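**Student:** okay, here's the prediction I keep looking at, along with the sequence it came from:
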Amino acid sequence: MAFINYAAREINCKIVYYGPGLCGKTTNLQMIYQRTSPDARGKMISLATETERTLFFDFLPLALGDIRGFKTRFHLYTVPGQVFYDASRKLILKGVDGVVFVADSQEERLDANIESLENLKDNLEEQGYDLEKIPFVIQYNKRDLPNQSPLDELQELLNPDQVPEFEACALTGEGVFETLKAVAKQILIELKKGRR
Amino acid sequence: MLGYQSSLVMYDEEYQRIVEIADKLLRESNAKAVFLVDRNGQLIAATGETEHLDTTSLASLTAGNIAATGGLAKLIGEKEFSILFHEGEKDNIHISIVGGRVILVVIFDQRSSLGLVRLRVKKGSEDFDRTMEELDRKSAEEAGSGGPQNPFAEITDDDIDNLFR
């Protein structure tokens, strides 16, 4: 649910990075933080455990620039990926404008990806959203690792609707901005349609 | 089921009204800062000593806080906890839910007291709630009549690409 502020001439949108534990959601945000100029980004907040596992969420505000005189801001959130944090994941999806699903390309994480994607659908439904109708992109992360599932297998299992998809290596930044750009673009196109 | 949900829209007139109410609350409660945040974590308005505060993060964490305690409330069979209070060594935060949809945050120190803040928040909340209701009415009317002009109706692919240069 975007927030259009005519008084401040601003538009604020919420993007949520979803995916199984250790798939690289936080790394995506860290990389965006590192590679964005300081005047375009706010502070990155990570509510994590002592072992740097996300406990509640990571948050990164980005101000990308102006469109037709409106400052365009995106608030990036990650969810905690570990299965038992489901209650927290549901909360973070509230008011979401677009979702990035970060899949872990490693063979042994295939089931975890599928489970997490199902969980995303269920949790969105609970909030009254339909994944097929909201801005949604998929990122196949960790494409640099040796033990990865073939791309066509991932596509078949995780992306039957053929939403925009990107191969990535979040640690080096490869594919990270392409993913963000694709979901941001979809969100702006939804706004253009005037569903506000 | 909904796909893309309707947005929260803020107009000049209501924004000014909200800032006035927030300023009044700030004065009357002797507080340091007053914020209004929507439940999804977007900052609606801020007033007072905000220059050294990261207001964006504050808004996001407040909403997360309200969401988490709301989850706790449901677990024990409560609808929600409408007031949260965090006490620090010097500064304190009073968080309350206004009209079930926006969050009012008051930051205060020893120049004020919890009792005074609670009292003033109660009065201020009614005013905020009325203004938010007016905003809802206006949004619904504007949406029905097609105006004001959707600032994004005319955007092009180039406009979007330019954001990422």
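**Tutor:** Received the coordinates, thanks.

**Student:** whichever helix in chain B runs longest close to chain A?
**Tutor:** Longest helix in chain B by number of residues (criterion: DSSP state H): helix B:114-145. Yes - applying Cβ under 8 Å from any Cβ of the partner chain, one finds helix B:114-145 in contact with chain A at residue B:143. Every residue, glycine included, has its C-beta placed from N, CA and C.

**Student:** so which bits of that helix are buried?
**Tutor:** Within helix B:114-145, the residues scored as buried using 16 or more other Cβ atoms under 10 Å in any protein chain shown are B:117, B:120-121, B:124-125, B:127-129, B:131-132, B:135, B:139, B:143.

**Student:** what's the answer for stretch B:74-93, then?
**Tutor:** So, applying 16+ other Cβ under 10 Å, buried residues of stretch B:74-93: B:82, B:84, B:92-93.

**Student:** which stretches in the chain count as strands?
**Tutor:** Picking chain A for this. For chain A, applying DSSP state E gives strands covering A:3-5, A:10-18, A:45-48, A:54-67, A:70-78, A:98-104, A:136-141, A:165-167.

**Student:** the chain in question should be chain B.
**Tutor:** Going by DSSP E, chain B shows strands at B:8-10, B:33-38, B:43-48, B:83-87, B:92-98, B:102-108.

**Student:** and those as TSV, adding distance to residue B:61?
**Tutor:** Compiled in TSV, the strands of chain B are given as follows (distance: least, Cβ to Cβ, whole Å):
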stretch	distance to residue B:61
strand B:8-10	19
strand B:33-38	10
strand B:43-48	11
strand B:83-87	11
strand B:92-98	10
strand B:102-108	10
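
**Student:** okay, the ones you listed in CSV with mean pLDDT and distance to residue B:16 next?
**Tutor:** CSV is the format used below for the strands of chain B (pLDDT from 0 to 100; distance: least, Cβ to Cβ, whole Å):
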stretch, mean pLDDT, distance to residue B:16
strand B:8-10, 90, 10
strand B:33-38, 96, 13
strand B:43-48, 96, 10
strand B:83-87, 96, 27
strand B:92-98, 97, 18
strand B:102-108, 97, 16
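
**Student:** out of those strands, nearest to chain A?
**Tutor:** Evaluated with Cβ to the nearest Cβ, the strands of chain B place strand B:8-10 nearest to chain A, the distance being 4.4 Å.

**Student:** partner strands of the closest one and their direction?
**Tutor:** strand A:3-5 (parallel) (DSSP bridges).

**Student:** buried stuff in the partner strand?
**Tutor:** If you call a residue buried by 16+ other Cβ under 10 Å, then strand A:3-5 has these buried ones: A:3-5.

**Student:** residue B:41: which of those is nearest?
**Tutor:** Distance to residue B:41 across the buried residues of strand A:3-5 (Cβ to Cβ) is lowest for residue A:3, with 9.5 Å.

**Student:** quick one: low-confidence parts of chain A?
**Tutor:** A:195-196 (pLDDT under 70).

**Student:** tell me the contacts of residue B:79?
**Tutor:** Applying Cβ atoms under 8 Å, 6 or more residues apart in numbering or on different chains, one finds that residue B:79 lies in contact with residue B:73.

**Student:** ok, back up a step: and the longest helix of chain B, how far out from the chain middle?
**Tutor:** Average the C-alpha atoms of helix B:114-145, do the same for its chain, and the two points are 10 Å apart (Cα atoms, centre = their mean, to the nearest Å).

**Student:** now do stretch B:59-77
**Tutor:** For stretch B:59-77, the distance to the chain centre is 15 Å (Cα atoms, centre = their mean).

**Student:** what does that stretch rub up against?
**Tutor:** By Cβ under 8 Å, 6+ apart, the list of residues contacting stretch B:59-77 reads A:45, A:47, A:56-57, A:59, A:61, A:75, A:87-88, A:90-92, A:94, B:35, B:37-43, B:79-81, B:84, B:95, B:97, B:103, B:105.

**Student:** residues of it that come out buried?
**Tutor:** So stretch B:59-77, judged by 16+ other Cβ under 10 Å, has buried residues B:59-67, B:69-70.

**Student:** which one of those is nearest residue A:123?
**Tutor:** Using Cβ to Cβ, residue B:67 is the member of the buried residues of stretch B:59-77 that lies nearest residue A:123, at 13.2 Å.

**Student:** any idea how far that closest one is from residue B:80?
**Tutor:** 10 Å (Cβ to Cβ, to the nearest Å).

**Student:** what do you get for residue B:123?
**Tutor:** Relative to residue B:80, residue B:123 is positioned 21 Å away (criterion: Cβ to Cβ).

**Student:** quick one: contacts for residue B:78?
**Tutor:** Residue B:78 sits next to no residue when contact means Cβ under 8 Å, 6+ apart.
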